[in-house]
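In: I'll drop the sequence and a predicted model, then ask my questions.
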Amino acid sequence: MEAIVYEEFGGPEVLRHTAGAAVPEPGPGEVRVKVAAVGVNPVDWKRRYGWVEEFYPTTFPAVPGLEFAGTVDRLGQGVTGLAVGDEVLGWTKTGAYAEYAIADIIVPKPAGLSWETAASLPVAGETAQRVLDLLGVRAGETLFLHGAAGVVGSVGVQLAVAAGVTVVGSASESNHAYLRELGAIPVAYGEGLADRVRAAAPDGVDAVFDAAGHGVLPVAIELLGGGGPGGEAAAKERKERKERIVTIADVEAEKYGIVFSGSLGDPEAVRAGLTAHARGAAAGTLAVRLADTLPLKEAARVQELSESGHVRGKLILIP
């Protein structure tokens, strides 16, 4: 089968396109899917570098990619509720940059939802929902979302706004109109960020979702009043405030006493969330901005584009 394979950590040059990869076989409780579209994520190239082994350990030879949309091709032993030919989206266990992939966390693709949009939903939707749940944001509260115009950030904005949360989102100025369309109050990146957030949310922020990294955690702590001296009571209050900061992008989170969230949640909750997000996307109430769609053989170039940080929206590969 066609696939992208790498056998060592490194730059995009370690990715090899092959037409002779072995077709995987589903085990008990698994299905094999003929992949129609693959969602590209920053974690793909971070895994290629070997930077996230704690969360996603690698066995070589490896096929990149976490999320896909496609058609059920074969059922493993004990699988019920699915049939060969069903259109699905979800998470792969064997790598999505391939013609066929094995999966056990999948949901039906709603009729009318494009393959490209379907493949854009699993990672962004699950990540955004997981962080919002960890933060416990509620209607009437204010959330600062750093990196709000990215794919995960923009889904997070939409989910939070739909829940009645006021969202202040940081992004480059060229993306401010986009954030306003999503219902967020945009602020610019860079020096003076804390002051701009305070101006946008004069009553303060209740929680911080860091979807971009780039050293924003000290600003997040400042915004929540987590610094300064004091006794045991003050230290306890600072700790509680820091619990309302979650990052998915800054590997130095532990140094600041901040939660780094990088692992999938409970599978049943993941399925339920993905089902809801797919239905929302099909109904037009949840949007993912698509940047470009390219053939699978262009995977190395696509990962370079993702790593550059200058792409607006989701990159999709087609086997």
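Out: The structure has been received and is ready for your questions. Numbers count the residues shown, from 1 in each chain.
In: what ranges do the helices span in this protein?
Out: 42-49, 115-135, 151-162, 176-182, 193-200, 217-223, 232-242, 253-256, 267-283, 299-308 (DSSP state H).
In: For Trp91, which of those is the nearest?
Out: helix 115-135 (5.5 Å; C-beta to C-beta). All C-beta atoms are positioned from the backbone trio N, CA, C, and that covers glycine.
In: who touches Glu99 in this structure?
Out: By C-beta atoms under 8 Å, 6 or more residues apart in numbering, the contact set of Glu99 is 1-3, 21, 23, 34-35, 319.
In: Among these, which are located in strands?
Out: Counting by DSSP state E, these place 3, 34-35 in strands.
In: any chance of those in JSON lines, plus pLDDT and neighbour count?
Out: JSON lines is the format used below for these (pLDDT from 0 to 100; neighbours: other C-beta atoms under 10 Å):
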{"residue": "Ala3", "pLDDT": "98", "neighbour count": "29"}
{"residue": "Lys34", "pLDDT": "98", "neighbour count": "18"}
{"residue": "Val35", "pLDDT": "98", "neighbour count": "30"}
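In: before we move on, the earlier item: taking the contacts of Glu99 together, which two end up most distant?
Out: Checking those with C-beta to C-beta, the most distant pair is Ala21 and Lys34, at 13.9 Å.
In: what's around Asn175, how many residues?
Out: Residues near Asn175, counting by other C-beta atoms under 10 Å, number 20.
In: Not counting residues beside it along the chain, what's closest to it?
Out: Spatial nearest neighbour of Asn175, chain neighbours left out: Ala149 (3.7 Å); criterion: C-beta to C-beta, 6 or more residues apart in numbering.
In: Just the pLDDT at the one you found, thanks.
Out: We have a pLDDT of 95 for Ala149.
In: I figured it hits Glu173, correct?
Out: No - Ala149 sits out of contact with Glu173 when judged by C-beta atoms under 8 Å, with a separation of 10.4 Å.
In: Comparing those two, which residue is more hemmed in?
Out: Per other C-beta under 10 Å, whichever of Ala149 and Glu173 has more neighbours is Ala149, with 25 against 10.
In: And the more buried one, how close does it get to Arg289?
Out: For Ala149, the distance to Arg289 equals 9 Å [C-beta to C-beta, to the nearest Å].
In: what residues are up against Ser7?
Out: Not quite, residue 7 is Glu, not Ser. Taking C-beta under 8 Å, 6+ apart as the contact definition, Glu7 lies against 14, 16, 60-62.
In: Many thanks, have a good one.
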